[in-house]
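Undergrad: Pasted the sequence and its predicted model underneath.
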Amino acid sequence: MKAVFIDASPKRKDSTSGVLLNALESRLPAGVEVVRLGLHAGEVPAEVPEALTGAGALVFSCPLYVDALPSHLLSCLEQLEKAGERPGPVVYALVNCGFYEGAQADHALEVFRNWCAKAGLAWGGGLGIGGGGAIQGLPATGKGPMAPVCRALGELGERLSRRETGANAYLSIAFPRMLYRLAGQLGWRQQIRRNGGRAADLGQRPQ
């Protein structure tokens, strides 16, 4: 079976979305051929509709933006509504968020489900993954902070290989929420100083 994996992060490289697709691909059963593509801007490249022909599964991976999908991805989904054959592939999604709680991605996964209904595609379910700010720096193994994520990706991979549908699942990295928040605050302070600002500027609000 052919599965099309789409990294839909605005980042063209080194994205958490891509890291999660790597981890999913490494956990797929034998017999699943993966085609990797990217949607990083508002126009759908010609190779994406071509790859969807004959695909059994389609997996989107993207970050959460303001409790929904990145705007460029929404534009691409509109363009893809009539692309490819029907009934077409079963659609799955991985939505990572900087929030600690993976349930924050619920609305974004609902957008994918609604898009499938409009496009005439089967919605296979997705994962809302919290703690996305730390994922790039963690090994994708069955032990340690990434263990819950890897376990959920393995389960999704098994389901994908059979083209089965299922309920959304919400999870986070196995790391204390308080420490995750402290690490994030430290990271913001370091970043603003590198860009010539002050830590106090982080509290500014629009006038």
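TA: That came in fine, so what should we check first? Numbers count the residues shown, from 1 in each chain.

Undergrad: where does this structure dip in pLDDT?
TA: 187-188 (pLDDT under 70).

Undergrad: now do 50
TA: Of all residues in the chain, none has pLDDT under 50.

Undergrad: Report the central residue of it.
TA: Geometric centre of the chain, nearest residue: Ser61, 2.8 Å, by CA atoms, centre = their mean.

Undergrad: tell me the contacts of Lys118?
TA: Going by CB atoms under 8 Å, 6 or more residues apart in numbering, Lys118 touches Glu81. Any C-beta I mention is one placed from the backbone N, CA and C, and that applies to glycine too.

Undergrad: Show me which residues of the helix or strand encompassing it are buried.
TA: Element membership for Lys118 (DSSP states H and E) is helix 106-119. By neighbour count on 16 or more other CB atoms under 10 Å, the buried set for helix 106-119 is Asp106, Ala108, Leu109, Val111, Phe112, Trp115, Cys116, Ala119.

Undergrad: Report all helices and strands that the next helix or strand after that helix contacts.
TA: Following helix 106-119 in sequence order, the next helix or strand is strand 122-130 (DSSP H and E). Secondary-structure packing of strand 122-130 (3 or more CB pairs under 8 Å, 6 or more residues apart in numbering; DSSP states H and E): strand 90-96, helix 106-119, helix 147-161, strand 169-172.

Undergrad: for whichever helix or strand comes after the shortest one, packing partners?
TA: Scanning forward in sequence from strand 169-172 by DSSP H and E, the next helix or strand is helix 177-194. Here helix 177-194 is seen to pack against helix 132-135 when contacts are counted using 3+ CB pairs under 8 Å, 6+ apart.
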